[in-house]
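In: make a model of this:
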Amino acid sequence: MSDHRVYMEQAIAMARQNIDSGDGGPFGAVIVREGQVVGRGRNGVTSSLDPTAHAEIVAIRDACANLKTFHLEDCDIYTSCEPCPMCLGAIYWARLRAIYYAANRQDAARVNFSDEFIYEQIGVDPRFRVIPARHVEHPAALEVFRLWQDKEDRIDY
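Out: Numbering: from 1, shown residues only. So this is what the prediction gives:
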């Protein structure tokens, strides 16, 4: 059995645990580095009352805490379903090396987990989205960026 299959089975088993426990949606994820699982996550949206507690986000937080870093460029993520836009963004911010997923977003949509609306909203001018975004100009916002840029001991990410 390939390593990919082993890690994917772990992610899917976590999704199944969530169904059995009622802790959240049917999603699980593991993060692997050099053949070792370094992060695990199950969807905890309903149990933690946190809309960001998707399996991939929880796994990223776990891996970062375990490895004491905020970059996971030498790690891969295995997730029971194709990541939503939020999780995809977090995966890119964490700089994971590769994404392996089992079910796709169309499979998820068939059981009422549709991210298509969010994918569509990303391409809409922020002023005309369903949740409109309004730019409030303030010079102090740019000043904070200047202070960050000038900070000699900053940690870039």
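
In: what segments of the protein are strands?
Out: 28-33, 36-42, 76-81, 98-103 (DSSP state E).

In: what's the second one in contact with?
Out: Just to be clear, that refers to strand 36-42. Contact with strand 36-42 is made by 7, 10, 14-15, 17-18, 23-24, 27-32, 54-64, 66-67, 72, 75, as judged by CB atoms under 8 Å, 6 or more residues apart in numbering. All C-beta spots, glycine's among them, are computed from the backbone N, C-alpha and C.

In: in that strand, what's buried?
Out: 37-42 (16 or more other CB atoms under 10 Å).

In: now those residues in CSV, with pLDDT and distance to residue 129?
Out: Below are the buried residues of strand 36-42 laid out as CSV (pLDDT from 0 to 100; distance: CB to CB, whole Å):
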residue, pLDDT, distance to residue 129
37, 98, 38
38, 98, 36
39, 98, 32
40, 98, 34
41, 98, 28
42, 98, 30
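
In: could you identify the most distant pair in these?
Out: Across these, the longest distance by CB to CB is 15.8 Å; it joins 38 and 42.

In: relative to strand 76-81, how tilted is the longest helix along the chain?
Out: In the chain, ranked by residue count with DSSP state H as the criterion, the top helix is helix 3-21. Relative orientation of helix 3-21 versus strand 76-81 (axes from the mean of the first three to the mean of the last three CA atoms, to 10 degrees): 50 degrees.

In: give the closest residue to the most centrally placed residue in the chain in space, chain neighbours not counted.
Out: When CA atoms, centre = their mean is applied to the chain, the residue found nearest the centroid is residue 87 (2.5 Å). In this structure, residue 87 finds its nearest non-sequential neighbour in residue 56, 3.9 Å apart by CB to CB, 6 or more residues apart in numbering.

In: is it true that the one you found touches residue 79?
Out: Yes - the pair residue 56 and residue 79 passes the contact test of CB atoms under 8 Å, sitting 5.5 Å apart.

In: please identify which of these two sits among more neighbours.
Out: residue 56 (32 against 29; other CB atoms under 10 Å).

In: ok, that one to residue 148 distance?
Out: Noted for residue 56: a distance of 28 Å to residue 148, by CB to CB, to the nearest Å.

In: also residue 58?
Out: From residue 58 across to residue 148, the span is 29 Å (CB to CB).

In: in contact with residue 119, which residues are there?
Out: residue 85.

In: state the pLDDT value of it.
Out: With respect to pLDDT, residue 119 has a value of 91.
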